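Undergrad: sequence? don't have it. structure:
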């Protein structure tokens with residue numbers, strides 16, 4: 001479980017974060033950066049898909065590793081990045097979306113989130 005948590009912290013977080021930045025927030029479009037981080041996101045999704053092809057959760061049982069990785073994967077639609085090629089990842093996302101605590105957390109977040117236009 002710790003290996004997968006550190007995988008998220010050293011790979012998914014930084015690389016997906018860069019993809020989000022260069023696709024959605026950079027002041028200028030830099031094709032090399034967009035391609036670089038999009039390809040790295042796909043490589044990481046492929047690793048995750050392979051891991052999830054033989055188990056329901058990243059480390060076998062539901063754990064903090066799933067909790068740490070899930071928000072990054074769930075947010076990919078914001079940069080129009082598809083997970084269509086990663087069927088095990090898609091099934092995992094659906095399983096997690098159906099967990100009661102995750103459903104409650106995202107419902108609560110929607111209630112307290114400020115609209116983007118008024119966020120400080």
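TA: Sure, I can see it. Note that the structure is predicted; figures quoted are calculated from it, not measured.
Undergrad: would you list every one of the helices in the chain?
TA: Per DSSP state H, the chain carries helices over the ranges 2-7, 13-20, 31-52, 64-74, 87-97, 100-112.
Undergrad: first vs last residue of stretch 1-12, how far apart are they?
TA: Start and end residues of stretch 1-12 are separated by 15 Å (CA to CA, to the nearest Å).
Undergrad: And for that stretch, what's in contact with it?
TA: 44, 47, 48, 51, 58, 59, 63, 64, 65, 68, 69, 72 (CB atoms under 8 Å, 6 or more residues apart in numbering). For the C-beta atoms, the positions are set from N, CA and C on the backbone; glycine is no exception.
Undergrad: mind listing what the last one touches?
TA: Pointing back at residue 72 there. Residue 72 makes contacts with 8, 12, 13, 16, as judged by CB under 8 Å, 6+ apart.
Undergrad: Buried members of those into ChimeraX, please.
TA: Of the contacts of residue 72, the buried ones can be selected in ChimeraX as follows, counting by 16 or more other CB atoms under 10 Å:
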select :8,12,16
